[in-house]
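**Student:** Structure for the following, please:
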Amino acid sequence: MKKCLLTALCLVLLASLFASPALAVNEEIGGKISIYTSIYQDVLDAMVAALKVEFPNLEVVPFQGGTGTIQTKLAGEMEAKNIQADLLLVAEPAYSLELKEGGYLHQYKLDTAGLRFPFDEDGYWYPVRVCNMVLAYNPEMYDASELPQSFYDFAFDAGVKGEISMGNPLTSGTSMAAVAALSEKYGFEYFDALGAQGVMIESGSVALTKLETGECKEVMILEESVLKLREEDDSNLAVIYPTDGNILIPSTVMTIAEEFSANKNIAACEAVTDWLLSDAGQQFVLDGWMHSVSSSVKDVPYDSIDTDSLIETDMGVDWVRCYTQRDVIRKEFEERVTRPQ
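**Tutor:** Next up, the predicted model:
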């Protein structure tokens, strides 16, 4: 009940925050756009509400799903030559590289001077929000000093065998980015170690529940999932920023080229892109427990740490490898992690 009330309050506050006479300049943006996105549903609901205030004459039709789900959906639509999306907000840049190479994206040049994360220099995609893959635990049940402090130990420390959890890289773009980075740093032997640990592959919500009940000692999860619980539900679950480097995942926005797009409303897609990268849009990102892509934004998500410090300790992801070797990485993960022990 508390969560529902807080979500409703968030929608009201966002609407009031962006409701000012200055926004009337966007009344000329009309028609309809369809947005495919991996943003969490309640954060997406808040975003759609904010966009309705910012663009009162624009109809926004969202589809929410993990990046893997979106990839599968779009692949089917491409084969049928019937793409139903206009704007994409996905978890990581690797899919953007693929769509750009395929000729499916609209080029839109922006001033990128303030961006502190990778972007496409030709103007086909830009980062909008930054997810941060970390470790998490329940300090009411376990002492942090007794738990792995690095991604490496998460896989190799026998003390947490059978009591760890992570997301599914076959359906989650952020989990895919994480395993791509970890397999590059430690080799596919890292996957063998995860398999030997008996790591549970499940959604973030299930993993967090297991942390709360004590069924799991530690989980690999997005920082935003923990911060959201801490702020909304007064949860005591805590983040461990891995000593071998956190994994920052800049999530991208891109517009489907007009000849392929559902509603052929390029003007609206460009306007929404502008808003997402504006001060107001980046405040929305922060309020959604994610990090800002703008170097001028010094604020951080609720209860997080300095974004620039996280950049300094970022493990890094080779996005070209994540794209070109996606099938190989997924196959190795399946065979080494989820095979019967």
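
**Student:** Verify the contact between residue 57 and residue 32 for me.
**Tutor:** No. Assessed by Cβ atoms under 8 Å, residue 57 is found out of contact with residue 32, at 10.2 Å. For the C-beta atoms, the positions are set from N, CA and C on the backbone; glycine is no exception.

**Student:** check contacts around residue 161.
**Tutor:** Residues near residue 161 by Cβ atoms under 8 Å, 6 or more residues apart in numbering: 196, 197, 198.

**Student:** Revised request: answer the last question for residue 132.
**Tutor:** Shown in contact with residue 132 (Cβ under 8 Å, 6+ apart): 222, 223, 224, 246, 247, 248, 249, 290, 291, 304, 310.

**Student:** Chain neighbours aside, what residue packs nearest to it?
**Tutor:** Leaving aside its chain neighbours, residue 132 sits nearest to residue 223 (4.1 Å; criterion: Cβ to Cβ, 6 or more residues apart in numbering).

**Student:** Just to check, residue 256 is in contact with residue 77?
**Tutor:** No. Using Cβ under 8 Å, residue 256 is not in contact with residue 77; the gap is 10.1 Å.

**Student:** between those two, which one's more packed in?
**Tutor:** residue 256 (26 against 16; other Cβ atoms under 10 Å).

**Student:** Now, of the contacts of residue 161, which are buried?
**Tutor:** residue 197 (16 or more other Cβ atoms under 10 Å).

**Student:** Would you convert the contacts of residue 161 into TSV that also reports secondary structure?
**Tutor:** What follows is these, written out as TSV (DSSP: H, G, I helix; E, B strand; the rest coil):
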residue	secondary structure
196	helix
197	helix
198	coil
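
**Student:** circling back: please enumerate the shared neighbours of residue 256 and residue 77.
**Tutor:** Residues within reach of residue 256 and of residue 77 at once, by Cβ under 8 Å, 6+ apart, are 83, 85.

**Student:** in this protein, which residue is closest to the centre?
**Tutor:** Residue closest to the mean C-alpha point of the chain, counted by Cα atoms, centre = their mean, is residue 91 at 4.2 Å.

**Student:** what's the distance between it and residue 55?
**Tutor:** When distance is defined by Cβ to Cβ, to the nearest Å, residue 91 is 24 Å away from residue 55.

**Student:** again, but for residue 310
**Tutor:** Residue 310 is 32 Å from residue 55, by Cβ to Cβ.

**Student:** what does residue 180 give?
**Tutor:** Counting by Cβ to Cβ - residue 180 and residue 55 are separated by 35 Å.

**Student:** In terms of neighbours, single out the busier of these two.
**Tutor:** When neighbours are counted by other Cβ under 10 Å, residue 180 and residue 55 differ, and residue 180 comes out ahead with 25 against 22.

**Student:** Is that one located within a strand, as I assumed?
**Tutor:** No. When three-state DSSP is applied, residue 180 is found to be helix, with no strand at that position.

**Student:** Next, the contact list for it, please.
**Tutor:** 94, 169, 317, 318, 321, 322, 325, 326, 329.

**Student:** Go again with 10 Å.
**Tutor:** Listed by Cβ atoms under 10 Å, 6 or more residues apart in numbering, the contact set of residue 180 reads 92, 94, 169, 247, 317-319, 321-323, 325-326, 329-330, 333.

**Student:** And the pLDDT at residue 191?
**Tutor:** Looking at residue 191, its pLDDT is 98.

**Student:** oh, I was asking about residue 20
**Tutor:** 39.

**Student:** Tell me the helices and strands packed up against the helix or strand containing residue 75.
**Tutor:** Here residue 75 sits within helix 67-79, counting by DSSP states H and E. Contact here means 3 or more Cβ pairs under 10 Å, 6 or more residues apart in numbering; DSSP states H and E; on that basis helix 67-79 packs against strand 31-37, strand 58-64, strand 87-90, helix 93-102, helix 173-186, helix 326-337.

**Student:** Residue 303 contacts residue 234, correct?
**Tutor:** No. At 11.5 Å, residue 303 does not count as touching residue 234 under the criterion of Cβ atoms under 10 Å.

**Student:** Pick out whichever of the two has more residues nearby.
**Tutor:** For residue 303 versus residue 234, the count of surrounding residues by other Cβ under 10 Å is larger for residue 303: 14 against 8.
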